[in-house]
Structures are given as structure tokens and as C-alpha cells.
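Engineer: got a predicted model here, sequence first, then my questions.
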There are 2 protein chains.
Amino acid sequence: MLQDLETPVLVLDRARVERNCARMRERLAAAGVALRPHVKTAKSIEVVNIACGGKPAPITASTLKEAEWFFERGFTDILYAVGIVPGKLARAAALMRRGCTLSVILDGVQAARALADFTAREGVALPALIEIDSDGNRAGVKPEAPELLEIGAILGPGLRGVMTHAGNSYTSRSEADLRMWAKREREGVVRAAQRLRAAGHACPVVSVGSTPTALFGESFEGVNEVRAGVYMFFDLVMVGIGVARVDELALSVLATVIGHQPEKGWILTDAGWTAMSRDRGTAKHPVDQGFGLVADLEGRPIGDLIVVETNQEHGIIARRGGGPADLGDFPVGRQLRIFPNHACATGAQHTSYNVVNGGTSVEARWERFNGW
Amino acid sequence: MLQDLETPVLVLDRARVERNCARMRERLAAAGVALRPHVKTAKSIEVVNIACGGKPAPITASTLKEAEWFFERGFTDILYAVGIVPGKLARAAALMRRGCTLSVILDGVQAARALADFTAREGVALPALIEIDSDGNRAGVKPEAPELLEIGAILGPGLRGVMTHAGNSYTSRSEADLRMWAKREREGVVRAAQRLRAAGHACPVVSVGSTPTALFGESFEGVNEVRAGVYMFFDLVMVGIGVARVDELALSVLATVIGHQPEKGWILTDAGWTAMSRDRGTAKHPVDQGFGLVADLEGRPIGDLIVVETNQEHGIIARRGGGPADLGDFPVGRQLRIFPNHACATGAQHTSYNVVNGGTSVEARWERFNGW
């Protein structure tokens, strides 16, 4: 039972994970495009197995540790989706030598040359995708940039395709925004593939990815792979941009009331930033959720209570907007569940999930990992 | 050598830790008040040994795991400085039965009754300090509150003393502010002790604590213990409020350049929020350091470069205020060191320190731990 757990700990609702994963799988299957789940949110074999439909399938990783960890558990087609640097090539190549197909990404001439030199010297060819900048958010080569063909030429037969990530889709405030970012994401990466193909490259993989664009894109024409991760759990950021509902949130933090500040109407808990993370992803949303939305032990939100501040091992709960909570309902020792802004960041503060199935009975404990 | 490390990893400058710890020890020794270092920042036996002058001494902990971990390494006088709840009493009592003097804190009648009931039932008396609210920042009983004496009466002989934490000292913008918060902290807790003593309680311990007030308080009269932790490393928040200089920062994150965004003059690195944390503690400071201040491999800041954004495994470096960096100086593969806003939060993202002594030669690897 959740009541027996020492807090703070993660609670994961398996039924919601299964529904969220089914929603994504069904949508992309209907669109005729492959799903390559991103394991960076969950970092759990049980969750990724649910996302993959019960057996190893192609996945996306954000660290070489994720790639190694899932390879050792039967996953043999892995995209390492953070720009590869010379100092990580040997470790990546070691995975290839063990039988993993590990694709890497890069977005510049320097990195392409380093990879080509490594391939020539070591005789291990890591398939490479060129990262495309479809929205100006972070990394990538612009679809029309001259460098795109230069990188393609350096990679030669090592060029496996192109990929992009519509990070700006997280700034959406409407379905129209979500569809717009999805369109830009698709058009940018498809255009890059066209240019590379026109220059004589096969460019078999055209990959897009973000939970918002995967769920709201109207077309995947020209795309053959979608990467997404946070949809397995969803979080308050996804609620804030209209991608999920609160009753779809699979991840929460179990906390205990440790005290009160009667003058201010604050409830103090033992879920500080070590438990929640310092992520304030809803700070600029129309509904600011503070550091998290407060719910009862069954996961039902309690009025407009949010975590307004976190210190290392303290959370402060008050009403959204700062009004006092009714302290009589929250005696010392009462347990609460807190839905986080950002499931990836909150998950990363923990090493396991306490798994429930809609109620408060803990049916399993699933390990997760962190680090590099 | 730092050059041989795969990034991101923590770098800790031992010489700076030693200087920072000596500064605090010497100041408090001159003031005639005992130091009870807080282990929550470092969570490392080597660092805490330096802080304690080479041998086990009284310490402060933020979790029962910290208390257990340090008890197993010879520390027998530990203050667990987060409000105790009924569900953690059995674990705390187990430490007492093993020979540890584990003091707990509480700030309300409910928690005091729960502790008194536990003591009566289990026959293990955990010494308790009443947490005093000296600045309205977070938890605690106001020095003049009627509840103070009620709690004292419930605890009876179990009352070991009073403690407070001037969390608002972190909002200081001048030395005058720092001295003011230190004065309030001292006066609040001393007043609470006076009231308890007038009511017949011995109240032997009067404890204050925060790095800013410990270093800037002008008087410790009536106080016999100071708790502080982040001074061992310092961080950009401490620089921002005038408590430390950049050349005293002992903790940094080693990162590698993974790409560029030439149009914007951005440098991309592999130190995202998994390496830095999402802490934005300098956001409201006169000098906003983003997610961290960028330095070369020897730890010298590079112009006005800061980490302006972090994603899970990506950091984006630009000039403070958003101007472009000179990308030619930052080829893919170049390593950088990044000083964090908040040493506690950045440390908590890692499991070890790579120890240097002023240069780039790695002389040791010290383990650290997380969790509860």
C-alpha cells in the first residue's frame, strides 16, 4: 500500500502508462509511420517494454549509458540522439562491435570529419543521421544550408538519414500551434532529405520527434520514423499545452506532511527539489502549477493546491495564487501525491517507481537509472 | 587529467574546499561558537572530513540516509534537520539503538505529541529541537507564539533545544542585509530559548544556521551552535549575494562542446539539466548567470559566457544578455568547466567528484550519494 511507503518516492500508475502508450502506438500505426520510443523519460525496462508493445524494438536514447543498458536487455537498434563528439566514439563503437546497431547524430562539418576519420582509422562505421534545425530551438543544420550537402559528402555511405526535434512545440498554446510546429518539423526534415537525395545520397531515414507533434501532426508524408518519450507518463507541461489531461498523468511523487505555517496557510512536506527537481516548466503557462499539482492518495487533485516553493528536502504547498490552504485537512503525517511539471526531470531524481494500478495498492517496484 | 574524462562529470577543487572550510572554522572558532557542518551539499566522507578538521564531529543531515551513511563512518552526533514525521520515527530510533545520538526537529503540537507517544511506547527517547521561525521563510514556530511553550511542555525532558535557519538570508543584496538577517536569526532563536528557560526547560542547545549568516553575523551571543553546508563549495548564488568570489568556487561541471548554432552564436554542450540541475537561483540577481558560468579547463571564466538554456542532455552557451559567442574558439570536442548556480542541486545530479588541486590533473575520485 502507498500508506506503508516512506516518502518521498515516485508512484507510477501502470494503467495510465498502458493507455498513454496505446494512444501513441495506435495513432502512429494509423498514420503508417514507425514509432521509435525515446527511453530518456522512463529509463525503465518495464515501461519501455510497454511502449514497444511487449518486445524489444527500435528505441531512441539520450546517453550512451541508456544505449548500453537497453542493449544488454535485448534492444539492438538504438539511435543515440545527442550530437556525437570525438571523445565518445570509442564507447559508441564498442556497442557496434558487440552487435548493436547504434546510430549517431551530428550537425556540423567538424563532427562529420571526426566521425569519418574514426571510421577510416578503426574500421567501425557508425551509421549517422544529420540533425536538422526545423524550428530554431536548439541544434541542427538548416534544411537549406550549404553545410548540409558538405556534411553529406563527408559522411558518404555512412549517411543513414536525417532527423529533427521540434523543441519549440513545447511553447504551443493551442491546437493550431501544435499542428503548425508539426508541419514545420515535417517540412524541414523532408526538405533536407530531398536535397541530400538530389545530391545522390540514399538517405533512407527521415525521423521527426516530440510528443506534441507526434500526437497532433496532421501528416507524416515523407517521414518514416517518429521519436517521443514523455507521452508514456505525460506531465503538467503537456497538460498546459493541451496535449494531455490531468487524469492521464501516470507519474507522481508521494510526499508526507511534516508541518504547517499557520499564519500563511502553508503546508510543509518532505518532497523538496531532491524529489521534484527544480523544473518550473509551467512558469510561463496560463496556469502556473508551481513545482507541482497536489492530489490525494488516490491521485485526485485537491482544489487549487500546488507546491509553491521547494528547498532541498522541503516542499511548501499553498493555494494557486498564494491563498492559505485549509490546514485542518492536512495533519502531520498525511500523505499526498504531487504531479510534476516535467516527468523527465522529476523521474531523474529517483531510482525506482512504486507501481499502482489506479488505486493505492503497490503491485511492483520497477528500477530506473540515471547518469551517463 | 580532466582531458581524459568522458563528460559530463563533476570537478571538485580540493584546495578551494580546504580554504573554504578553514575560513568557516576559523571564523566560528574566533566567535567561540561550535560548527556543526551540514552534509547535505557534499554527501561525501572526504569533503565532510575536511569540514570537520580530519575526524568525526557533530554534523547536520537533511535525510535519514545521510544520518545512517555518516553514522556508519564514525559520526555519532547527528542532527536530522527536517521536521520529523511519525512514519520516520522507527527508522530514526533504529539509529539511536545502534549508538548514534540522533536529534530531530519539529515545529508543531501534532508532531510533538507523535514523538512523545513514540517515546512512551518504544522506550527510545530521540532528543528534539524546536524549529523556530526567525524570518518568515519556511517552517518553524514564532519565538513569541503560545505554541512554543505548549510544545516544550509536551516534549518535557526530551527537549534538547531550539534551532532556526535564516533562509531569507539568500535574498540579501548587501553586507548590511546579510548582517540584518544574521541578527534576526540570532535574536529569534535566543528569544525562544529565553521563553522556554523561563518556563523551566533547560534548553541547552541554541542553534542557528545558513552559510550567509554564519559568515556575516556580527554576534553569536546566546548561540552555541552554527550549521552550514554550501560554504564547503560555494556557488554562483553565494557569489551573487556577496558571500563568495568566483575564484573560491570549488565545484564545477566538466562539459564538452558537441555543436554550434552559427546564426545565433550558440555553443552546444553535453551538460544539460541532468548535469547542471534546473536550478535558476541567480534568475533574480543583478547578474543573472543563467544555468551556470562558463570557464576554461583551468577554471578561469571566459568573458561573459553563460549557459542560457538546458535541455535534458544539452546545454546552450551564449553571451550574457544573449549576444553571440566567438564560435571559432570552441571547436567540437573542446572541454569547458561550468560553475553552477546552486552547488547542492548540481551535486545531487551526480554520484562522484573528480578531484583536482588547482590544475587539470585528477588526483582522486570521491564518491557521493543521493536518495533517502
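Structural biologist: Nice, thanks for sending it over. Residues are numbered from 1 along each chain as shown, chains lettered A, B, ... in the order given.
Engineer: just the pLDDT for whatever residue of the stretch 101-250 of chain A ends up closest to chain B.
Structural biologist: Residue nearest to chain B within the stretch 101-250 of chain A: A:Q110 (4.3 Å; Cβ to the nearest Cβ). (Each C-beta comes from the backbone N, C-alpha and C, glycine too.) We have a pLDDT of 94 for A:Q110.
Engineer: try A:D326
Structural biologist: pLDDT recorded at A:D326 is 88.
Engineer: equivalent analysis for A:G323, please.
Structural biologist: The model's pLDDT for A:G323 equals 75.
Engineer: try A:D304
Structural biologist: 94.
Engineer: any idea how far it lies from A:V294?
Structural biologist: Counting by Cβ to Cβ, to the nearest Å, the separation of A:D304 from A:V294 is 9 Å.
Engineer: do the same with A:E367
Structural biologist: 27 Å.
Engineer: same check on A:A114?
Structural biologist: On the measure of Cβ to Cβ, A:A114 and A:V294 end up 49 Å apart.
Engineer: neighbour count winner among these two?
Structural biologist: A:V294 (29 against 21; other Cβ atoms under 10 Å in any protein chain shown).
Engineer: and that one, backbone torsions?
Structural biologist: A:V294 has phi and psi values of phi -90, psi 130 when expressed as degrees, to the nearest 10.
Engineer: for it, which non-adjacent residue is closest in space?
Structural biologist: A:L305 (3.9 Å; Cβ to Cβ, 6 or more residues apart in numbering or on different chains).
Engineer: could you confirm that neighbour falls within a strand?
Structural biologist: Yes. Assessed with DSSP: H, G, I helix; E, B strand; the rest coil, A:L305 lies in a strand.
Engineer: could I get the pLDDT score of the closest residue in space to A:L2 that isn't next to it in sequence?
Structural biologist: Residue nearest to A:L2 in three dimensions, not counting chain neighbours: A:T360, with 4.4 Å by Cβ to Cβ, 6+ apart. pLDDT, A:T360: 97.
Engineer: A:T360 should be in a strand, yeah?
Structural biologist: No. Judged by three-state DSSP, A:T360 forms no part of a strand; its state is coil.
Engineer: that one and chain B, how far apart?
Structural biologist: 15 Å (Cβ to the nearest Cβ, to the nearest Å).
Engineer: now do the contacts for the closest residue to chain B within the stretch 251-372 of chain A.
Structural biologist: For the stretch 251-372 of chain A, the residue closest to chain B is A:I258, as judged by Cβ to the nearest Cβ, at 3.7 Å. For A:I258, the contacting residues are A:268-270, A:314, A:332, B:82-85, B:111, B:139, by Cβ atoms under 8 Å, 6 or more residues apart in numbering or on different chains.
Engineer: helices of the stretch 51-200 of chain A, start to end?
Structural biologist: Along the stretch 51-200 of chain A, the segments classed as helices by DSSP state H, counting those that start in this stretch run A:64-71, A:86-97, A:109-122, A:146-155, A:175-198.
Engineer: buried stuff in the shortest one?
Structural biologist: Buried residues in helix A:64-71, defined by neighbour count with 16 or more other Cβ atoms under 10 Å in any protein chain shown: A:64, A:66-71.
Engineer: hmm, back to that, nearest spatial neighbour of the residue of the stretch 251-372 of chain A closest to chain B, skipping sequence neighbours?
Structural biologist: Using Cβ to Cβ, 6+ apart, the closest residue to A:I258 is B:G83 (3.7 Å).
Engineer: any idea of the mean pLDDT for stretch A:87-99?
Structural biologist: Averaging pLDDT along stretch A:87-99 gives 97.
Engineer: now that stretch, how far from the centre of its chain.
Structural biologist: Centroid separation for stretch A:87-99 versus its chain: 24 Å, with Cα atoms, centre = their mean, to the nearest Å.
Engineer: hmm, who's touching it?
Structural biologist: A:64, A:67-68, A:71, A:76, A:78, A:80, A:84, A:102, A:104, A:114-115, A:118, A:122, A:124-126, B:6-7, B:256, B:333.
Engineer: could you rerun that using 6 Å?
Structural biologist: A:64, A:67, A:102, A:118, A:122, A:124, A:126 (Cβ atoms under 6 Å, 6 or more residues apart in numbering or on different chains).
Engineer: let me know the closest of those residues to B:A318.
Structural biologist: A:L64 (26.6 Å; Cβ to Cβ).
Engineer: give me the number of residues near A:E218?
Structural biologist: The burial count assigned to A:E218 is 11, neighbours taken as other Cβ under 10 Å.
Engineer: for A:W266, same thing?
Structural biologist: Neighbours of A:W266 (other Cβ under 10 Å): 22.
Engineer: near chain B, which residues of the stretch 251-372 of chain A show up?
Structural biologist: Contacts of the stretch 251-372 of chain A with chain B, taken as Cβ under 6 Å from any Cβ of the partner chain, map to A:256, A:258-259, A:268, A:274, A:277-279, A:312-313, A:331-333, A:344-345, A:348.
Engineer: from those residues, keep the buried residues only.
Structural biologist: For those, buried by 16+ other Cβ under 10 Å: A:256, A:258-259, A:268, A:274, A:277-279, A:312-313, A:332, A:344-345, A:348.
Engineer: what's the farthest-apart pair in these?
Structural biologist: A:V332 and A:C344 (31.7 Å).
Engineer: re the thing from before, buried members of the contacts of stretch A:87-99 into ChimeraX, please.
Structural biologist: In ChimeraX syntax, the buried subset of the contacts of stretch A:87-99 is picked out as below (16+ other Cβ under 10 Å):
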select /A:64,67,102,118,124,126
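Engineer: now the contacts of stretch A:87-99 as TSV including distance to A:A283 and pLDDT?
Structural biologist: Listed next are those as TSV, based on distance: Cβ to Cβ, whole Å; pLDDT from 0 to 100:
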residue	distance to A:A283	pLDDT
A:L64	32	98
A:A67	33	98
A:L102	36	98
A:F118	42	97
A:E122	46	95
A:V124	44	94
A:L126	39	96
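Engineer: near chain B, which residues of the stretch 101-250 of chain A show up?
Structural biologist: A:107-108, A:110-111, A:139.
Engineer: again, only this time at 10 Å
Structural biologist: The stretch 101-250 of chain A has residues A:105-114, A:131, A:133, A:136-142, A:145, A:147, A:165, A:167, A:170, A:229 near chain B, with proximity defined as Cβ under 10 Å from any Cβ of the partner chain.
Engineer: now a ChimeraX select for only the buried ones of these.
Structural biologist: Burial among those is assessed by 16+ other Cβ under 10 Å; the matching ChimeraX selection reads:
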select /A:105,106,107,108,110,111,112,113,114,131,133,137,138,139,140,141,142,145,165,167,170,229
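Engineer: sort out for me which of the residues of the stretch 101-250 of chain A next to chain B are in strands.
Structural biologist: Taking DSSP state E, the ones among these that sit in strands are A:105-106, A:131.
Engineer: quick revisit: just the contacts of A:I258: which are in strands?
Structural biologist: Using DSSP E, these in strands are A:268-269.
Engineer: just confirm yes or no for stretch A:30-43 near chain B.
Structural biologist: Yes. Residues of stretch A:30-43 are located near chain B by Cβ under 10 Å from any Cβ, namely A:38, A:40-41.
Engineer: what touches both of A:D304 and A:V294?
Structural biologist: Common neighbours of A:D304 and A:V294 are listed as A:318-320, A:325 (criterion: Cβ atoms under 10 Å, 6 or more residues apart in numbering or on different chains).
Engineer: was I right to think A:D13 contacts A:G359?
Structural biologist: Yes. With contact defined as Cβ atoms under 10 Å, A:D13 reaches A:G359; the gap is 9.2 Å.
Engineer: alpha carbons only: can I get the helix or strand harbouring A:V206 in PDB?
Structural biologist: In the assignment (DSSP states H and E), A:V206 maps to strand A:205-208. Output of strand A:205-208 as PDB, limited to C-alpha atoms (Å, rounded to 0.1, in the frame of the first residue of the first chain):
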ATOM      1  CA  VAL A 205      15.700   7.500 -42.700                       C
ATOM      2  CA  VAL A 206      13.600  10.600 -42.200                       C
ATOM      3  CA  SER A 207      12.900  11.000 -38.500                       C
ATOM      4  CA  VAL A 208      10.900  13.500 -36.500                       C
END
